[in-house]
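[1] Fold the following.
(one chain, ligands or ions: 2)
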Amino acid sequence: MAPSLVANSAPVFCKFSHAEDAAYIRRAADIADKSAGFTSPHPNFGCLIATSAGKVAGEGYLYAQGTKPAEVEAVEAGGSFCRGATAYLNMEPGDCHGDHTAVSALVQAGITRVVVGIRNPLQHLRGQAVRALRSQGLQVHVLGEDLQSKIIEEARKSCLLVNAPLIHRATSRVPFSVFKYAMTLDGKIAASSGHAAWISSKTSRDRVFDLRGRSDAVVVGGNTVRRDNPRLTARHGGGHTPMRIVLTQTLNLPEEANLWDVSDAPTIVVTQRGARRKFQKYLASRGVEVVEFDILNSRDVMEYFHDRGYLSILWECGGTLAASAISSGLIHKVFAFVAPKIIGGKNAPTPVSELGMVEMSQALDLVDICYEQVGPDMLISGFLQPIPDLMPVIPSEDETFAIDPTVTPYEPSIIYFYKTWDPYGAFSNFSPHPIQMPDVNGDVTWSSVEHYYQAHKFTGVNDPAAQDFVEKIKTAKSPEEAARLGRSMQRQHPDWVRSDWESVKIDIMYRALKCKFSIYPHLNSMLLSTGGSVLVEASPHDLFWGGGREGEGLNYLGRLLMQLRSEFLGESSTSI
Ligand SMILES: NC(=O)C1=CN([C@@H]2O[C@H](COP(=O)(O)OP(=O)(O)OC[C@H]3O[C@@H](n4cnc5c(N)ncnc54)[C@H](OP(=O)(O)O)[C@@H]3O)[C@@H](O)[C@H]2O)C=CC1
Ligand SMILES: Nc1c(N[C@@H]2O[C@H](COP(=O)(O)O)[C@@H](O)[C@H]2O)[nH]c(=O)[nH]c1=O
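    Ligands and ions are numbered 1, 2, ... in the order given. Predicted coordinates for the structure are as follows:
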């Protein structure tokens, strides 16, 4: 019989060879990758359960934030076979909201050994789940720390790869950026006329759709918009669609362009402050967001998108913008599709224009290179900057708990929150905490505050299509999907939005938040522990609910949370 973890009996741990551990961890990384391209954002978690006899009992992956954690999926699939089994996790789970769902699932299922590919890269989560599992008596082996060999190192690499964007978020102020281009065998990305459709084969271009689906945004320069009129959509039939971003100094762009049709996917145009104001207004009227910078510089733009929570960017620009991005150190990985064609042309554009290098010894070397035939083309990919290795910076207990509200050694006067994986991420409306809200037919469960808020834009509207849409938002698989549905329908069908929306939306949000912070004791204590601090939703672009880039936002979400905090503390509530 498989050994189990019960009180007063020492657990018996499975013994696997390094080769077996490595194979299972690689498989966990492959499973983790399943959601990439279909959901956003993209921290990828996979879990595999292997019995002591070496049989796979269950597998699971996190589809999207707010859906069942990979560990819960896997132990449900494994059932009683989990007793005494080993769980393989590509990445340490991030019990960011203090409810330890993943850890509890493994413990309760009777898992006795856990093999972790990499520790969670985010400083405030790093080491917590490993510690929690060990404190429950499970044997935990972290690759590269407790298990070391060549084969283990290779398996660890597959775990680093599958979450490269998240690792970059932990170590850098810019998102993980991939530069992709298609060139002829003689090194051109277009004919001298600028015509480029098409260099690579259909098979290669289908592969590009997959790359787009795995990214939070696709970036091009103004010239590519003028020349190619691209769509930049993922076209993989549903799932996640990346944001489309145009960088343009002049804003000298055509009135009609595929990118201005935001029913396909949203578009942001980033430009220089004051550029063609009238055209900015026109773009806004088409539903395109315009963001201005005093001086348009690719690094500032990428820092801005990092602050907006973007983890990964696909650059599909021409050589001019690519050269600027590479010389600013923004590009981490390259995908070059090389087509067996020759076009010639002294002035035909090339993938990267001037970098200021004069000797071959200055050339940038790629590492971890892969060669793959895609249809008739050759795909060469590799890293321009290696994935940062987080191994040496395991934080001390003090550092780890520094952000734990119950032991905060200092009182910061402003607490910023935004993405759910960041400290205080539970304050975000996207945090995966279902709420029960009263309805005419009794209490109704909503998967998150965001689901409730987005659906209520369309409630009570006398149009069956709008009512169907409420249901669609209600059953959205993640808060991000709910937000995407609600926002896109508000843009496309303003007639479906209830007429009193602007006057009721704060109250609707307040009621949802009150429920959330009443029914989850750990969220309630997290909120109360912030007493004395100003809470600000650090959204750089939402100037109503968020604080804006430079504090220009109204921060209504932060204000509502502070109002609730004072109500919970029994202080007289001040109206926001
Ligand atoms: N085969 C392939 O994979 C691809 C081919 N192409 C081809 O490449 C050609 C276009 O290439 P290219 O002219 O290099 O176009 P880019 O896509 O690189 O766009 C350059 C433009 O980007 C804008 N820009 C904004 N910020 C910067 C910055 N910091 N540095 C540089 N540019 C910035 C400017 O727009 P503005 O002038 O509006 O101010 C600039 O003119 C076309 O023929 C197109 O078909 C393009 C993409 C991929
Ligand atoms: N010409 C060329 C590419 N060009 C890139 O694809 C964009 C067009 O995308 P879409 O309008 O969505 O089909 C274009 O603006 C440029 O960024 N890509 C490739 O994979 N292979 C090719 O041969």
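
[2] Which strand or helix spans the residue lying closest to residue 455 once chain neighbours are set aside?
    Spatial nearest neighbour of residue 455, chain neighbours left out: residue 473 (4.2 Å); criterion: Cβ to Cβ, 6 or more residues apart in numbering. All C-beta atoms are positioned from the backbone trio N, CA, C, and that covers glycine. Applying DSSP states H and E as the criterion places residue 473 in helix 464-474.

[3] Restricting to C-alpha, output the helix or strand that that helix is followed by in CSV.
    The helix or strand immediately downstream of helix 464-474 is helix 479-492, counting by DSSP H and E. Provided in CSV are the C-alpha atoms of helix 479-492 (Å, rounded to 0.1, in the frame of the first residue of the first chain):
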residue,chain,number,x,y,z
PRO,A,479,-11.5,38.3,-14.1
GLU,A,480,-9.4,39.3,-17.0
GLU,A,481,-11.9,37.7,-19.4
ALA,A,482,-14.8,39.4,-17.6
ALA,A,483,-13.0,42.7,-18.0
ARG,A,484,-12.2,42.2,-21.6
LEU,A,485,-15.8,41.2,-22.4
GLY,A,486,-17.3,44.1,-20.4
ARG,A,487,-15.0,46.7,-21.8
SER,A,488,-15.2,45.6,-25.4
MET,A,489,-19.0,45.4,-25.3
GLN,A,490,-19.2,48.9,-23.8
ARG,A,491,-17.1,50.2,-26.7
GLN,A,492,-19.0,48.3,-29.4
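
[4] list the buried ones in the helix or strand following helix 479-492?
    Once the chain leaves helix 479-492, the next helix or strand it forms, by DSSP H and E, is helix 501-519. Residues of helix 501-519 classed as buried by neighbour count (16 or more other Cβ atoms under 10 Å): 501, 505-506, 508-517.

[5] helices or strands next to the very next helix or strand once past helix 501-519 in the packing?
    As assigned by DSSP H and E, the chain's next helix or strand after helix 501-519 is helix 521-528. Packed against helix 521-528 by the contact rule (3 or more Cβ pairs under 8 Å, 6 or more residues apart in numbering; DSSP states H and E) you find helix 501-519, helix 556-568.

[6] got the contact list for the first one?
    Meaning helix 501-519. 429, 433, 435-437, 446, 449, 452-453, 456-457, 498, 523-524, 527, 545, 556-557, 560-561, 563-564, 568, 576 (Cβ atoms under 8 Å, 6 or more residues apart in numbering).

[7] ok, of those, which come out buried?
    Buried among the contacts of helix 501-519 (16+ other Cβ under 10 Å): 429, 433, 435, 446, 449, 452-453, 456-457, 498, 523-524, 527, 545, 556-557, 560-561, 563-564, 568.

[8] Residue 206 and ligand 2, how far apart?
    Residue 206 is 9 Å from ligand 2, where distance means Cβ to the nearest ligand atom, to the nearest Å.

[9] count of neighbours near that residue?
    13 (other Cβ atoms under 10 Å).

[10] One more: the one 3 residues further on?
    If you count neighbours by other Cβ under 10 Å, residue 209 ends up with 15.

[11] surely it meets residue 231?
    No. If you go by Cβ atoms under 8 Å, residue 209 and residue 231 don't touch, sitting 10.5 Å apart.

[12] list the contacts for residue 78?
    49, 57-58, 85, 109.

[13] which one of these has the most neighbours?
    That'd be residue 85 among those, by other Cβ under 10 Å, with 31 neighbours.

[14] Tell me which residues touch that one, please.
    Going by Cβ under 8 Å, 6+ apart, residue 85 touches 2, 14, 49-52, 57, 78, 110-113.

[15] can you do 6 Å?
    49, 51, 57, 111 (Cβ atoms under 6 Å, 6 or more residues apart in numbering).

[16] swap in residue 453?
    Taking Cβ under 6 Å, 6+ apart, one finds residue 509 in contact with residue 453.

[17] In terms of helix, strand or coil, where does it fall?
    helix (DSSP: H, G, I helix; E, B strand; the rest coil).

[18] Would you mind measuring from it to residue 287?
    Applying Cβ to Cβ, to the nearest Å, the value for residue 453 to residue 287 is 20 Å.

[19] For the stretch 51-200 of the chain, what lies in contact range of ligand 1?
    181-182, 189-190, 194, 196, 199 (Cβ under 6 Å from any ligand atom).

[20] how does it look with 8 Å?
    Residues of the stretch 51-200 of the chain lying near ligand 1 by Cβ under 8 Å from any ligand atom: 180-183, 189-190, 194-197, 199-200.

[21] Could you tell me which of those residues belong to strands?
    Among these, DSSP state E puts 180-183 in strands.

[22] Any stretches of the stretch 201-350 of the chain with poor pLDDT?
    237-239 (pLDDT under 70).

[23] Which parts of it are strands?
    Taking DSSP state E, counting those that start in this stretch, the strands of the stretch 201-350 of the chain run over residues 217-221, 243-247, 267-272, 289-293, 312-315, 333-339.

[24] Present those as a markdown table; the columns should include mean neighbour count and distance to residue 174.
    Listed next are those as a markdown table, based on neighbours: other Cβ atoms under 10 Å; distance: least, Cβ to Cβ, whole Å:
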| stretch | mean neighbour count | distance to residue 174 |
| --- | --- | --- |
| strand 217-221 | 26 | 12 |
| strand 243-247 | 24 | 14 |
| strand 267-272 | 22 | 14 |
| strand 289-293 | 16 | 15 |
| strand 312-315 | 26 | 9 |
| strand 333-339 | 21 | 13 |
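
[25] Looking at these, which is nearest to ligand 1?
    Of all the strands of the stretch 201-350 of the chain, it is strand 217-221 that lies closest to ligand 1, at 2.1 Å by Cβ to the nearest ligand atom.

[26] Could you figure out how far that closest one is turned away from strand 243-247?
    Inter-element angle recorded for strand 217-221 and strand 243-247: 20 degrees (by axes from the mean of the first three to the mean of the last three Cα atoms, to 10 degrees).

[27] where are the low-confidence patches of this structure?
    1-14, 39-42, 95-99, 237-239, 389-412, 571-576.

[28] Close to ligand 2: what parts of it are there?
    With Cβ under 8 Å from any ligand atom as the criterion, the chain meets ligand 2 at residues 180-182, 189-190, 196-200, 204-205, 208, 212, 220, 224-225, 227-233, 235, 258, 316-318, 337, 339.
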